[in-house]
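J.: how would this look folded up:
(one chain, ligands or ions: 1)
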Amino acid sequence: MQNQVSHTAEKLDIKSLREEFPILRQKVNGYPLAYFDNAATTQKPARVIDALSTYYLEYNANIHRGIHTLAEKATKAFENTRKSVQQFINAPESEEIIFTRGTTESINLVAATYGRMMLEKGDEIIISGLEHHSNIVPWQLLAGEKQATIRVIPVQEDGSLDLNAYAQLLSGKTKIVAVNHASNSLGTINPVRQIIKKAHDAGAVVMIDGAQAGAHIPIDVKSLDCDFYTSSAHKFYGPTGAGFLYGRRELLEKMPPYMGGGEMIKDVSFSGTTYNDIPYKFEAGTPNIADVVAMNEAISFINQYGKEHMAAYENELLAYAVERTQNLSGFRAVGTASEKVSILSFLIDGIHSYDIGQMLDARGVAVRTGHHCTQPLMDHFGIEGTVRASLAVYNTKEEIDQFAEGLERVIKFMK
Ligand code: PLP
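T.: Sure, this is the predicted structure:
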(Lines give C-alpha, C1' and ligand atoms only; values in the text may rest on other atoms or scores of the structure.)
Protein backbone atom coordinates (compact mmCIF):
# COMPACT_ATOMS: atom_id res chain seq x y z
CA MET A 1 0.00 0.00 0.00
CA GLN A 2 2.78 2.38 1.03
CA ASN A 3 4.66 1.73 -2.23
CA GLN A 4 1.52 2.28 -4.25
CA VAL A 5 0.93 5.65 -2.60
CA SER A 6 4.44 7.00 -3.24
CA HIS A 7 4.30 5.67 -6.80
CA THR A 8 1.19 7.68 -7.61
CA ALA A 9 2.65 10.84 -6.05
CA GLU A 10 5.68 10.51 -8.32
CA LYS A 11 3.43 10.85 -11.34
CA LEU A 12 2.98 14.55 -10.65
CA ASP A 13 5.29 17.19 -12.02
CA ILE A 14 4.81 19.71 -9.22
CA LYS A 15 7.12 22.27 -10.79
CA SER A 16 5.03 22.64 -13.92
CA LEU A 17 1.76 22.29 -12.00
CA ARG A 18 2.88 25.14 -9.74
CA GLU A 19 3.63 27.35 -12.70
CA GLU A 20 -0.09 27.42 -13.40
CA PHE A 21 -0.56 29.56 -10.27
CA PRO A 22 0.75 33.08 -10.97
CA ILE A 23 -0.02 34.28 -7.44
CA LEU A 24 2.52 31.88 -5.95
CA ARG A 25 5.43 33.64 -7.67
CA GLN A 26 5.31 36.62 -5.33
CA LYS A 27 7.28 37.47 -2.22
CA VAL A 28 5.56 38.40 1.02
CA ASN A 29 7.53 40.45 3.52
CA GLY A 30 10.68 39.73 1.55
CA TYR A 31 10.22 35.94 1.61
CA PRO A 32 8.80 33.62 -1.04
CA LEU A 33 5.10 33.16 -0.33
CA ALA A 34 4.35 29.79 1.31
CA TYR A 35 0.56 29.65 1.13
CA PHE A 36 -0.73 27.20 3.75
CA ASP A 37 -4.29 28.52 4.10
CA ASN A 38 -5.83 26.24 1.51
CA ALA A 39 -8.65 24.95 3.70
CA ALA A 40 -9.98 28.52 3.79
CA THR A 41 -9.61 28.96 0.05
CA THR A 42 -7.22 27.59 -2.55
CA GLN A 43 -5.36 29.66 -5.11
CA LYS A 44 -6.61 29.59 -8.71
CA PRO A 45 -4.71 28.35 -11.74
CA ALA A 46 -4.39 30.71 -14.71
CA ARG A 47 -6.87 28.64 -16.70
CA VAL A 48 -9.62 29.47 -14.14
CA ILE A 49 -8.75 33.18 -14.16
CA ASP A 50 -8.62 33.16 -17.97
CA ALA A 51 -12.03 31.47 -18.18
CA LEU A 52 -13.51 34.30 -16.12
CA SER A 53 -12.08 37.05 -18.30
CA THR A 54 -12.84 35.19 -21.54
CA TYR A 55 -16.47 34.91 -20.50
CA TYR A 56 -16.73 38.65 -19.85
CA LEU A 57 -14.59 39.64 -22.85
CA GLU A 58 -16.20 37.37 -25.41
CA TYR A 59 -19.61 35.96 -24.57
CA ASN A 60 -21.18 37.65 -21.54
CA ALA A 61 -24.95 37.13 -21.86
CA ASN A 62 -27.79 35.92 -19.70
CA ILE A 63 -28.47 32.21 -20.04
CA HIS A 64 -31.34 29.89 -20.95
CA ARG A 65 -33.82 32.31 -22.45
CA GLY A 66 -31.79 33.89 -25.22
CA ILE A 67 -31.75 32.83 -28.83
CA HIS A 68 -28.85 35.02 -29.89
CA THR A 69 -25.34 33.67 -30.37
CA LEU A 70 -23.79 34.97 -27.16
CA ALA A 71 -26.68 33.71 -25.04
CA GLU A 72 -26.39 30.28 -26.62
CA LYS A 73 -22.65 30.20 -26.05
CA ALA A 74 -23.02 31.27 -22.40
CA THR A 75 -25.79 28.72 -21.82
CA LYS A 76 -23.68 25.95 -23.31
CA ALA A 77 -20.66 26.82 -21.17
CA PHE A 78 -22.82 27.00 -18.03
CA GLU A 79 -24.49 23.66 -18.74
CA ASN A 80 -21.15 22.06 -19.61
CA THR A 81 -20.04 22.72 -16.04
CA ARG A 82 -23.10 20.86 -14.81
CA LYS A 83 -22.01 17.82 -16.82
CA SER A 84 -18.46 18.14 -15.50
CA VAL A 85 -19.68 18.31 -11.90
CA GLN A 86 -21.83 15.26 -12.55
CA GLN A 87 -18.74 13.33 -13.65
CA PHE A 88 -16.56 14.87 -10.92
CA ILE A 89 -18.76 13.31 -8.22
CA ASN A 90 -20.14 10.43 -10.29
CA ALA A 91 -23.76 11.55 -9.96
CA PRO A 92 -26.31 9.47 -11.90
CA GLU A 93 -27.79 12.47 -13.77
CA SER A 94 -26.72 16.03 -14.52
CA GLU A 95 -30.23 17.27 -13.54
CA GLU A 96 -29.33 16.29 -9.98
CA ILE A 97 -26.67 19.03 -9.86
CA ILE A 98 -27.88 22.41 -8.60
CA PHE A 99 -25.60 25.42 -8.72
CA THR A 100 -25.41 27.41 -5.51
CA ARG A 101 -23.07 29.97 -4.01
CA GLY A 102 -21.31 27.12 -2.24
CA THR A 103 -21.51 24.75 0.70
CA THR A 104 -23.20 27.18 3.08
CA GLU A 105 -26.00 27.98 0.68
CA SER A 106 -26.45 24.31 -0.24
CA ILE A 107 -26.88 23.23 3.37
CA ASN A 108 -29.31 26.06 4.02
CA LEU A 109 -31.23 25.04 0.90
CA VAL A 110 -31.60 21.44 2.08
CA ALA A 111 -32.54 22.48 5.63
CA ALA A 112 -35.11 25.00 4.41
CA THR A 113 -36.72 22.75 1.80
CA TYR A 114 -36.28 19.05 2.53
CA GLY A 115 -35.92 19.70 6.27
CA ARG A 116 -38.99 21.92 6.50
CA MET A 117 -41.03 19.48 4.45
CA MET A 118 -40.06 16.37 6.42
CA LEU A 119 -39.50 17.31 10.03
CA GLU A 120 -42.14 17.17 12.70
CA LYS A 121 -42.13 17.98 16.37
CA GLY A 122 -39.91 15.54 18.29
CA ASP A 123 -37.89 14.43 15.25
CA GLU A 124 -34.12 14.35 15.43
CA ILE A 125 -31.23 15.60 13.31
CA ILE A 126 -27.79 14.08 13.84
CA ILE A 127 -24.68 16.15 13.15
CA SER A 128 -21.15 15.61 14.46
CA GLY A 129 -18.85 17.39 16.86
CA LEU A 130 -16.50 18.08 13.94
CA GLU A 131 -18.86 20.33 12.00
CA HIS A 132 -18.22 23.77 10.55
CA HIS A 133 -20.72 26.38 11.74
CA SER A 134 -22.40 26.18 8.35
CA ASN A 135 -23.34 22.57 9.04
CA ILE A 136 -24.63 23.42 12.52
CA VAL A 137 -26.55 26.68 12.40
CA PRO A 138 -28.94 25.87 9.50
CA TRP A 139 -30.00 22.73 11.43
CA GLN A 140 -30.41 24.75 14.62
CA LEU A 141 -32.68 27.16 12.76
CA LEU A 142 -34.71 24.25 11.43
CA ALA A 143 -34.83 22.45 14.78
CA GLY A 144 -36.00 25.66 16.48
CA GLU A 145 -38.79 26.11 13.97
CA LYS A 146 -39.93 22.47 14.08
CA GLN A 147 -39.30 21.73 17.77
CA ALA A 148 -36.91 19.03 16.68
CA THR A 149 -33.77 17.96 18.53
CA ILE A 150 -30.15 17.99 17.39
CA ARG A 151 -27.97 15.05 18.47
CA VAL A 152 -24.21 15.23 18.14
CA ILE A 153 -21.81 12.38 17.32
CA PRO A 154 -18.98 12.73 19.83
CA VAL A 155 -15.36 13.34 18.79
CA GLN A 156 -12.62 11.13 20.21
CA GLU A 157 -9.21 12.25 21.47
CA ASP A 158 -7.51 11.78 18.08
CA GLY A 159 -10.20 13.79 16.28
CA SER A 160 -12.09 10.86 14.80
CA LEU A 161 -15.81 10.29 15.33
CA ASP A 162 -17.11 7.75 17.85
CA LEU A 163 -19.10 5.48 15.56
CA ASN A 164 -20.42 3.30 18.39
CA ALA A 165 -21.96 6.39 19.93
CA TYR A 166 -23.36 7.27 16.49
CA ALA A 167 -25.08 3.89 16.26
CA GLN A 168 -26.66 4.57 19.66
CA LEU A 169 -27.95 7.97 18.57
CA LEU A 170 -29.79 6.64 15.52
CA SER A 171 -33.43 5.78 16.00
CA GLY A 172 -36.78 5.92 14.27
CA LYS A 173 -36.88 9.62 15.21
CA THR A 174 -33.76 10.41 13.15
CA LYS A 175 -34.79 12.16 9.95
CA ILE A 176 -31.52 13.73 8.77
CA VAL A 177 -27.84 12.98 9.33
CA ALA A 178 -25.47 15.79 8.28
CA VAL A 179 -21.71 15.34 8.57
CA ASN A 180 -18.64 16.53 6.76
CA HIS A 181 -16.53 14.35 4.51
CA ALA A 182 -13.40 15.89 6.02
CA SER A 183 -12.96 18.27 8.92
CA ASN A 184 -11.62 21.73 8.05
CA SER A 185 -10.12 22.18 11.51
CA LEU A 186 -8.37 18.84 12.05
CA GLY A 187 -8.32 17.19 8.63
CA THR A 188 -10.07 14.02 9.84
CA ILE A 189 -11.63 12.09 6.95
CA ASN A 190 -14.92 10.67 8.15
CA PRO A 191 -16.07 7.15 7.20
CA VAL A 192 -19.01 8.55 5.26
CA ARG A 193 -19.88 5.28 3.54
CA GLN A 194 -20.47 3.64 6.92
CA ILE A 195 -22.27 6.72 8.27
CA ILE A 196 -24.63 6.75 5.27
CA LYS A 197 -25.34 3.02 5.45
CA LYS A 198 -26.25 3.19 9.13
CA ALA A 199 -28.45 6.25 8.59
CA HIS A 200 -30.30 4.54 5.75
CA ASP A 201 -30.84 1.44 7.88
CA ALA A 202 -32.54 3.75 10.39
CA GLY A 203 -34.64 5.40 7.65
CA ALA A 204 -32.83 8.77 7.65
CA VAL A 205 -31.42 10.74 4.71
CA VAL A 206 -27.84 11.99 4.68
CA MET A 207 -26.32 15.32 3.70
CA ILE A 208 -22.54 15.26 3.25
CA ASP A 209 -20.64 18.53 3.53
CA GLY A 210 -17.82 18.00 1.04
CA ALA A 211 -16.26 21.47 1.31
CA GLN A 212 -12.89 19.97 2.21
CA ALA A 213 -13.23 16.94 -0.05
CA GLY A 214 -13.46 18.79 -3.37
CA ALA A 215 -9.69 19.20 -3.73
CA HIS A 216 -8.48 16.18 -1.81
CA ILE A 217 -10.81 13.15 -1.80
CA PRO A 218 -12.23 11.37 -4.85
CA ILE A 219 -16.02 11.67 -4.60
CA ASP A 220 -18.48 9.05 -5.82
CA VAL A 221 -22.01 9.84 -4.68
CA LYS A 222 -23.40 6.80 -6.49
CA SER A 223 -21.14 4.33 -4.76
CA LEU A 224 -21.57 6.14 -1.42
CA ASP A 225 -25.34 5.94 -1.93
CA CYS A 226 -25.49 9.54 -0.80
CA ASP A 227 -28.72 11.59 -0.69
CA PHE A 228 -27.24 15.12 -0.69
CA TYR A 229 -23.66 16.20 -1.28
CA THR A 230 -22.19 19.69 -1.54
CA SER A 231 -18.93 21.48 -2.16
CA SER A 232 -17.59 24.98 -2.91
CA ALA A 233 -15.54 25.66 -6.04
CA HIS A 234 -13.19 28.06 -4.28
CA LYS A 235 -11.91 25.20 -2.13
CA PHE A 236 -10.97 23.12 -5.17
CA TYR A 237 -9.01 25.68 -7.22
CA GLY A 238 -12.13 27.36 -8.61
CA PRO A 239 -13.59 30.84 -8.12
CA THR A 240 -15.42 32.12 -5.06
CA GLY A 241 -19.19 32.48 -5.08
CA ALA A 242 -20.01 29.23 -6.86
CA GLY A 243 -20.54 25.67 -5.75
CA PHE A 244 -22.93 22.82 -6.18
CA LEU A 245 -25.50 20.71 -4.42
CA TYR A 246 -26.10 17.17 -5.53
CA GLY A 247 -29.48 15.72 -4.57
CA ARG A 248 -31.06 12.42 -5.38
CA ARG A 249 -33.71 12.98 -8.10
CA GLU A 250 -36.66 11.57 -6.16
CA LEU A 251 -35.88 13.85 -3.21
CA LEU A 252 -35.33 16.97 -5.32
CA GLU A 253 -38.59 16.38 -7.16
CA LYS A 254 -40.52 16.17 -3.90
CA MET A 255 -38.91 19.22 -2.34
CA PRO A 256 -40.50 22.68 -2.51
CA PRO A 257 -38.46 25.48 -4.15
CA TYR A 258 -35.93 27.38 -2.03
CA MET A 259 -36.38 30.81 -3.59
CA GLY A 260 -39.03 32.18 -5.92
CA GLY A 261 -38.27 34.20 -9.04
CA GLY A 262 -37.38 33.88 -12.70
CA GLU A 263 -36.03 30.62 -14.10
CA MET A 264 -37.56 28.41 -11.40
CA ILE A 265 -41.06 28.56 -12.90
CA LYS A 266 -42.93 26.98 -15.78
CA ASP A 267 -45.99 29.25 -15.73
CA VAL A 268 -46.90 32.19 -13.55
CA SER A 269 -50.36 33.68 -13.14
CA PHE A 270 -52.04 35.50 -10.28
CA SER A 271 -54.09 32.42 -9.57
CA GLY A 272 -51.03 30.20 -9.15
CA THR A 273 -47.60 29.21 -10.37
CA THR A 274 -46.17 25.94 -11.61
CA TYR A 275 -42.54 25.21 -10.95
CA ASN A 276 -39.82 24.29 -13.38
CA ASP A 277 -38.21 20.85 -13.53
CA ILE A 278 -35.06 20.10 -11.56
CA PRO A 279 -32.43 21.50 -11.40
CA TYR A 280 -33.96 24.84 -12.47
CA LYS A 281 -36.62 24.71 -9.77
CA PHE A 282 -33.78 25.50 -7.34
CA GLU A 283 -31.97 28.10 -9.45
CA ALA A 284 -34.13 31.23 -9.16
CA GLY A 285 -32.80 34.40 -10.73
CA THR A 286 -29.70 35.05 -12.80
CA PRO A 287 -27.05 32.68 -11.49
CA ASN A 288 -23.35 33.35 -11.05
CA ILE A 289 -22.68 32.50 -14.69
CA ALA A 290 -19.01 33.52 -14.94
CA ASP A 291 -17.92 31.66 -11.83
CA VAL A 292 -19.87 28.53 -12.74
CA VAL A 293 -18.24 28.60 -16.19
CA ALA A 294 -14.80 29.00 -14.59
CA MET A 295 -15.52 26.16 -12.13
CA ASN A 296 -15.30 23.86 -15.13
CA GLU A 297 -11.64 24.79 -15.55
CA ALA A 298 -10.94 23.96 -11.90
CA ILE A 299 -12.41 20.52 -12.50
CA SER A 300 -10.34 20.12 -15.65
CA PHE A 301 -7.23 21.06 -13.65
CA ILE A 302 -7.96 18.36 -11.07
CA ASN A 303 -8.86 15.81 -13.73
CA GLN A 304 -5.69 16.49 -15.67
CA TYR A 305 -3.42 15.73 -12.70
CA GLY A 306 -5.69 13.14 -11.08
CA LYS A 307 -7.15 13.55 -7.62
CA GLU A 308 -5.64 10.28 -6.35
CA HIS A 309 -2.17 11.41 -7.39
CA MET A 310 -2.74 14.80 -5.84
CA ALA A 311 -3.91 13.25 -2.58
CA ALA A 312 -0.92 10.91 -2.49
CA TYR A 313 1.46 13.84 -2.90
CA GLU A 314 -0.40 15.87 -0.26
CA ASN A 315 -0.14 12.92 2.14
CA GLU A 316 3.62 12.93 1.64
CA LEU A 317 3.69 16.65 2.34
CA LEU A 318 1.64 16.19 5.51
CA ALA A 319 3.92 13.38 6.73
CA TYR A 320 6.92 15.63 6.08
CA ALA A 321 5.30 18.54 7.94
CA VAL A 322 4.61 16.25 10.92
CA GLU A 323 8.19 14.99 10.85
CA ARG A 324 9.59 18.54 10.74
CA THR A 325 7.44 19.86 13.59
CA GLN A 326 6.61 17.08 16.05
CA ASN A 327 9.80 17.44 18.09
CA LEU A 328 9.72 21.21 18.36
CA SER A 329 9.67 22.38 21.95
CA GLY A 330 6.08 22.54 23.26
CA PHE A 331 4.55 21.47 19.91
CA ARG A 332 1.20 19.73 20.19
CA ALA A 333 -0.75 18.45 17.19
CA VAL A 334 -4.53 18.70 17.50
CA GLY A 335 -6.20 15.97 15.43
CA THR A 336 -4.12 12.88 14.72
CA ALA A 337 -6.68 10.51 13.21
CA SER A 338 -5.26 7.86 10.89
CA GLU A 339 -7.27 9.09 7.88
CA LYS A 340 -6.66 12.76 7.22
CA VAL A 341 -6.55 15.31 4.45
CA SER A 342 -3.43 17.47 4.45
CA ILE A 343 -4.21 19.66 7.45
CA LEU A 344 -1.87 20.15 10.40
CA SER A 345 -3.59 21.86 13.31
CA PHE A 346 -1.40 22.57 16.31
CA LEU A 347 -0.55 24.58 19.39
CA ILE A 348 2.77 25.50 20.95
CA ASP A 349 2.70 25.58 24.74
CA GLY A 350 2.97 29.05 26.16
CA ILE A 351 2.64 30.90 22.84
CA HIS A 352 -0.66 32.33 21.62
CA SER A 353 -1.69 30.95 18.24
CA TYR A 354 -2.28 34.50 16.96
CA ASP A 355 1.35 35.40 17.68
CA ILE A 356 2.51 32.31 15.85
CA GLY A 357 0.40 33.25 12.83
CA GLN A 358 1.74 36.82 12.78
CA MET A 359 5.35 35.78 13.13
CA LEU A 360 5.01 33.19 10.38
CA ASP A 361 3.45 35.83 8.12
CA ALA A 362 6.48 38.03 8.71
CA ARG A 363 8.48 35.22 7.05
CA GLY A 364 6.09 34.77 4.12
CA VAL A 365 4.16 31.79 5.54
CA ALA A 366 0.36 32.13 5.42
CA VAL A 367 -1.46 30.02 8.03
CA ARG A 368 -4.81 30.52 9.73
CA THR A 369 -5.31 30.86 13.47
CA GLY A 370 -8.45 30.74 15.60
CA HIS A 371 -11.48 28.51 15.85
CA HIS A 372 -11.83 27.93 12.08
CA CYS A 373 -15.64 28.28 12.34
CA THR A 374 -15.78 25.18 14.56
CA GLN A 375 -16.27 26.66 18.02
CA PRO A 376 -18.02 23.58 19.50
CA LEU A 377 -15.02 21.46 18.43
CA MET A 378 -12.60 23.87 20.07
CA ASP A 379 -14.75 23.83 23.22
CA HIS A 380 -14.59 20.03 23.17
CA PHE A 381 -10.80 20.17 23.30
CA GLY A 382 -10.91 23.00 25.86
CA ILE A 383 -8.99 25.39 23.60
CA GLU A 384 -9.75 28.72 21.98
CA GLY A 385 -8.31 27.80 18.64
CA THR A 386 -5.33 26.35 16.82
CA VAL A 387 -2.78 27.29 14.22
CA ARG A 388 -3.76 25.54 11.01
CA ALA A 389 -1.40 24.77 8.16
CA SER A 390 -3.54 23.37 5.35
CA LEU A 391 -1.63 22.11 2.34
CA ALA A 392 -2.53 21.89 -1.33
CA VAL A 393 -1.00 20.17 -4.32
CA TYR A 394 1.17 23.16 -5.30
CA ASN A 395 2.94 23.25 -1.92
CA THR A 396 6.46 21.90 -1.62
CA LYS A 397 8.82 20.41 0.95
CA GLU A 398 10.95 23.56 0.66
CA GLU A 399 7.96 25.59 1.82
CA ILE A 400 7.49 23.20 4.73
CA ASP A 401 11.14 23.80 5.64
CA GLN A 402 10.45 27.55 5.54
CA PHE A 403 7.44 26.98 7.83
CA ALA A 404 9.36 24.73 10.27
CA GLU A 405 12.28 27.17 10.42
CA GLY A 406 9.78 29.96 11.05
CA LEU A 407 8.33 27.98 13.96
CA GLU A 408 11.81 27.37 15.38
CA ARG A 409 12.40 31.11 15.38
CA VAL A 410 9.01 31.78 17.00
CA ILE A 411 9.88 29.38 19.80
CA LYS A 412 13.35 30.85 20.27
CA PHE A 413 12.01 34.39 20.32
CA MET A 414 8.95 33.82 22.53
CA LYS A 415 10.25 31.35 25.12
N1 PLP B 1 -17.97 23.17 5.65
C2 PLP B 1 -16.66 23.02 5.79
C3 PLP B 1 -16.11 21.72 6.30
C4 PLP B 1 -15.80 24.08 5.46
O5 PLP B 1 -14.48 23.94 5.59
C6 PLP B 1 -16.35 25.29 5.00
C7 PLP B 1 -15.50 26.45 4.73
O8 PLP B 1 -14.46 26.60 5.33
C9 PLP B 1 -17.73 25.38 4.83
C10 PLP B 1 -18.51 24.30 5.18
C11 PLP B 1 -18.37 26.60 4.28
O12 PLP B 1 -18.00 26.75 2.95
P13 PLP B 1 -18.37 28.08 2.14
O14 PLP B 1 -17.89 29.21 2.97
O15 PLP B 1 -17.62 27.92 0.85
O16 PLP B 1 -19.84 28.07 1.94
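J.: Let's check: the centremost residue of the chain is which one?
T.: A211 (0.9 Å; CA atoms, centre = their mean).
J.: can you count the residues close to the nearest residue to E308 once chain neighbours are set aside?
T.: Nearest residue to E308, sequence neighbours excluded (CB to CB, 6 or more residues apart in numbering): T8, at 5.8 Å. C-beta here means a position set from N, CA and C on the backbone, and glycine is covered the same way. Other residues lying near T8 total 17 when counted by other CB atoms under 10 Å.
J.: picking that back up, gap between the residue nearest to the centre of the chain and V341?
T.: 11 Å (CB to CB, to the nearest Å).
J.: cool, Y114 as well?
T.: Taken as CB to CB, the span from Y114 to V341 is 27 Å.
J.: G357 too?
T.: 20 Å.
J.: okay, those two: which has more neighbours?
T.: Taking neighbours as other CB under 10 Å, G357 and V341 compare with V341 leading, 25 against 21.
J.: Spit out the contact partners of that one.
T.: By CB atoms under 8 Å, 6 or more residues apart in numbering, the residues touching V341 are A182, G187, I189, Q212, A213, H216, I217, A311, E314.
J.: wait, is the last one part of a helix?
T.: Yes - E314 forms part of a helix when assessed by DSSP: H, G, I helix; E, B strand; the rest coil.
J.: What is the burial count for G350?
T.: 10.
J.: isn't it right up against K415?
T.: Yes - between G350 and K415 there is a contact under CB atoms under 8 Å: 6.5 Å.
J.: Can you check which residues contact both of those two?
T.: G330.
J.: What parts of the chain come near the ligand?
T.: 39, 102-104, 132, 134-135, 180, 184, 209, 211-212, 232 (CB under 6 Å from any ligand atom).
J.: pLDDT wise, what is the closest residue to K83 other than its chain neighbours at?
T.: In this structure, K83 finds its nearest non-sequential neighbour in S94, 5.1 Å apart by CB to CB, 6+ apart. Listed pLDDT for S94 reads 98.
J.: Same question for D158.
T.: Listed pLDDT for D158 reads 98.
J.: got the contact list for it?
T.: If you count contacts by CB under 8 Å, 6+ apart, D158 has them with G335, T336, A337, S338.
J.: So out of everything in the stretch 301-415 of the chain, what residue is nearest the ligand?
T.: C373 (6.1 Å; CB to the nearest ligand atom).
J.: where does that residue fall, phi/psi-wise?
T.: Phi and psi for C373, reported as degrees, to the nearest 10, are phi 60, psi 30.
J.: Now for the closest residue to it other than its chain neighbours, how many residues are close by?
T.: Of all residues beyond its chain neighbours, the one nearest C373 is H133 (4.5 Å), with distances taken as CB to CB, 6+ apart. The tally of other residues near H133 (other CB under 10 Å) stands at 15.
J.: ok, H133 - contacts?
T.: Here H133 is in contact with C373, T374, Q375 (CB under 8 Å, 6+ apart).
J.: now the contacts of V341 in TSV, with secondary structure, neighbour count and pLDDT?
T.: Below are those laid out as TSV (DSSP: H, G, I helix; E, B strand; the rest coil; neighbours: other CB atoms under 10 Å; pLDDT from 0 to 100):
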residue	secondary structure	neighbour count	pLDDT
A182	strand	26	98
G187	coil	26	98
I189	strand	20	98
Q212	coil	28	98
A213	coil	25	98
H216	coil	30	98
I217	coil	18	98
A311	helix	21	97
E314	helix	23	98
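J.: Does F403 touch A321 like I think?
T.: Yes - between F403 and A321 there is a contact under CB under 8 Å: 7.2 Å.
J.: Between the two, which contacts overlap?
T.: A389.
J.: Next, the buried residues of the helix or strand containing E323.
T.: For E323, the element it lies in under DSSP states H and E is helix 307-325. Across helix 307-325, burial judged by 16 or more other CB atoms under 10 Å covers 307, 309-318, 320-322, 324-325.
J.: again with stretch 272-284
T.: Y275, N276, I278, P279, Y280, K281, F282, E283, A284.
J.: go on, stretch 324-342?
T.: Buried residues in stretch 324-342, counted by 16+ other CB under 10 Å: R324, T325, A333, V334, G335, T336, A337, K340, V341, S342.
J.: Name all residues that make contact with the first one.
T.: Applying CB under 8 Å, 6+ apart, we find R324 in contact with I400, D401, F403, A404.
J.: And the furthest pair within these?
T.: Greatest spacing in the contacts of R324, by CB to CB: D401 and F403 (7.2 Å).
J.: Of those two, give the one with the bigger neighbour count.
T.: When neighbours are counted by other CB under 10 Å, D401 and F403 differ, and F403 comes out ahead with 25 against 14.
J.: Not counting sequence-adjacent ones, nearest residue to that one?
T.: Here the residue nearest F403, using CB to CB, 6+ apart, is V365, at 5.0 Å.
J.: Give me the distance between that neighbour and L186.
T.: 20 Å.
J.: one step back: tell me, what's touching A211 and V341 both at once?
T.: By CB under 8 Å, 6+ apart, no residue touches both A211 and V341.
J.: what's the burial count for the closest residue to Y31 other than its chain neighbours?
T.: Spatial nearest neighbour of Y31, chain neighbours left out: G364 (2.9 Å); criterion: CB to CB, 6+ apart. Neighbourhood size, G364 [other CB under 10 Å]: 20.
J.: Tell me who's in contact with G364.
T.: K27, V28, N29, G30, Y31, P32, L33, A34, Q402.
J.: The same query, at a cut-off of 7 Å, please.
T.: By CB atoms under 7 Å, 6 or more residues apart in numbering, the contact set of G364 is K27, V28, N29, Y31, P32, L33, A34, Q402.
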